[in-house]
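Asks: Need a 3D model of the sequence below.
(4 chains)
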There are 2 protein chains.
Amino acid sequence: MPQEWDDTLRASGYRVTPQRQLVLEAVSRLEHATPEEIYADVRQTARGVNVSTVYRTLELLEQLGLVAHSHLFHGAPIYHLATQAQHVHLVCHRCGQVTEVDRAAVLPLVTALEEAEGFQTDVGHLTIFGLCAGCRPAAPPLGQVSATA
Amino acid sequence: MPQEWDDTLRASGYRVTPQRQLVLEAVSRLEHATPEEIYADVRQTARGVNVSTVYRTLELLEQLGLVAHSHLFHGAPIYHLATQAQHVHLVCHRCGQVTEVDRAAVLPLVTALEEAEGFQTDVGHLTIFGLCAGCRPAAPPLGQVSATA
DNA sequence: TTACGTGCAAAGTCTTTGCAACCAT
DNA sequence: ATGGTTGCAAAGACTTTGCACGTAA
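Replies: Next up is the predicted model:
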């Protein structure tokens, strides 16, 4: 259903504007982007668009359930289409690489939390930090960030 | 070993100062606190301490592996003692309650990611969003944030 | 036509940085 | 004594807000 976004807007009493389309397209194209990146992307098409519009639009689109965000890095919210929300982000502490894994990978977790705590996990909002296959050492001590003195 | 923090500092060539002690105590006492909250707490004891010192100290203590932080809410880093790092935070979307569960609860996840992706999960950094037992409805549709129009 | 949405600029929040005085070692 | 630390204030990064004009419906 990624084509009826405009219906969703209108159905909720909001207007369909080029800015909103541009932002949604940017989120779709970039897949994982900060407001700033989305802003930059949008500007390549329409120079007039303002940052505040991007923020306001992202907020609206999130309210409507069209996009979602997670906090992958320090202070930078990352937006993505809600239709891709049902995956989990793996973020590598060392190289910063973001990998997506299917929600199936975390089903054992969801089940465990459900049983142990009665907690209903929001899988689409889940971000997992650690070391990716390429960065993890052979015998990894699960270390903290190495001090730089 | 929560008493040898000063040795850790000195061993790494850093000085032991009242400010650093106060910040560490605040993190310990508050358990889950933002820099702002830590600052407020520290000020109750020593009025002279400055915000920038709190930030600098948190950064240092994190480098040394004495404290750690996670991103629990919108843009707000939450600090806690690294000795309590090996637990997972469950954050309720509706009531905001933060629950801690033992890392054992996520072992199935860690194992699954290890096998499927070769990804080494940093359990201490893991924050899971969802609905807590008290907030989840009987037949919960895992909804987005409700629109306020 | 009507009022929702946008651009613009200013204000706000949170965090970082430069520098001289200060104090742990 | 000596250089790591701190306080202070200013700068920075990111996000929000007020208002008048533009525009979707």
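
Asks: For chain A, which segments count as helices?
Replies: For chain A, the helices defined by DSSP state H cover A:5-11, A:18-30, A:35-45, A:51-63, A:107-117.

Asks: ok, and which of those helices has the densest surroundings?
Replies: helix A:18-30 (a mean of 19; mean count of other CB atoms under 10 Å in any protein chain shown). C-beta coordinates here come from the backbone N, C-alpha and C atoms, glycine included.

Asks: What residues does chain A have near DNA strand C?
Replies: Among all residues of chain A, those adjacent to DNA strand C (criterion: CB under 7 Å from any atom of the strand) are A:14-15, A:17, A:19-20, A:46, A:48-53, A:56-57, A:75.

Asks: Pick the one among those closest to residue A:121.
Replies: Residue A:121 lies nearest to residue A:75 out of the residues of chain A next to DNA strand C, by CB to CB, at 24.0 Å.

Asks: Of the helices of chain A, which is nearest residue B:81?
Replies: Of all the helices of chain A, helix A:107-117 sits nearest to residue B:81, with 22.1 Å by CB to CB.

Asks: what about the helix or strand of chain A with the lowest mean pLDDT and chain B, touching?
Replies: Lowest on mean pLDDT, DSSP states H and E among the helices and strands of chain A sits strand A:67-73, with a mean of 82. Yes: remark: strand A:67-73 sits within contact range of chain B at A:68, A:71, by CB under 8 Å from any CB of the partner chain.

Asks: what angle separates that strand from helix A:35-45?
Replies: In terms of direction (axes from the mean of the first three to the mean of the last three CA atoms, to 10 degrees), strand A:67-73 departs from helix A:35-45 by 120 degrees.

Asks: Please state the offset of strand A:67-73 from the chain centre?
Replies: Here strand A:67-73 is found 4 Å from its chain centre; the criterion is CA atoms, centre = their mean, to the nearest Å.

Asks: and residue B:99, which of the helices of chain A is closest to it?
Replies: helix A:107-117 (6.6 Å).

Asks: right, is stretch A:100-114 up against chain B?
Replies: Yes: with CB under 8 Å from any CB as the criterion, chain B is reached by stretch A:100-114 at A:101, A:105, A:106, A:108, A:109, A:111, A:112, A:113.

Asks: what about the nearest residue to the last one once chain neighbours are set aside, how many neighbours?
Replies: When you say that, I think you mean residue A:113. Nearest non-adjacent residue to residue A:113, counting by CB to CB, 6 or more residues apart in numbering or on different chains: residue A:119, 4.5 Å away. For residue A:119, the tally of surrounding residues (other CB atoms under 10 Å in any protein chain shown) stands at 25.

Asks: For the least confident helix or strand of chain A, which helices and strands make contact with it?
Replies: Using 3 or more CB pairs under 8 Å, 6 or more residues apart in numbering or on different chains; DSSP states H and E, the elements in contact with strand A:67-73 are helix A:51-63, strand A:76-81, strand A:87-92, strand A:127-131.

Asks: buried stuff in that strand?
Replies: Counting neighbours by 16 or more other CB atoms under 10 Å in any protein chain shown, one finds that the buried residues in strand A:67-73 are A:67, A:68, A:69, A:70, A:71, A:72.

Asks: Next one: the nearest residue to residue A:24 once chain neighbours are set aside from residue A:63, what distance?
Replies: Using CB to CB, 6+ apart and skipping the chain neighbours, the partner closest in space to residue A:24 is residue A:5 (5.8 Å). Plainly put, residue A:5 is 13 Å away from residue A:63 if you go by CB to CB, to the nearest Å.

Asks: what does residue A:7 give?
Replies: The gap separating residue A:7 from residue A:63 is 16 Å, by CB to CB.

Asks: looking at it, residue A:90 is touching residue A:100, isn't it?
Replies: Yes: the pair residue A:90 / residue A:100 is scored as a contact, 7.5 Å apart, by CB atoms under 8 Å.

Asks: So for these two, which sits in the more crowded spot?
Replies: residue A:90 (25 against 13).

Asks: can you pull the contacts of the residue lying closest to that one once chain neighbours are set aside?
Replies: Residue nearest to residue A:90 in three dimensions, not counting chain neighbours: residue A:99, with 4.2 Å by CB to CB, 6+ apart. By CB atoms under 8 Å, 6 or more residues apart in numbering or on different chains, the residues touching residue A:99 are A:89, A:90, A:91, A:92, A:132, B:117, B:119.

Asks: 7 Å instead, please
Replies: Applying CB atoms under 7 Å, 6 or more residues apart in numbering or on different chains to residue A:99 gives the contacts A:90, A:132, B:117.
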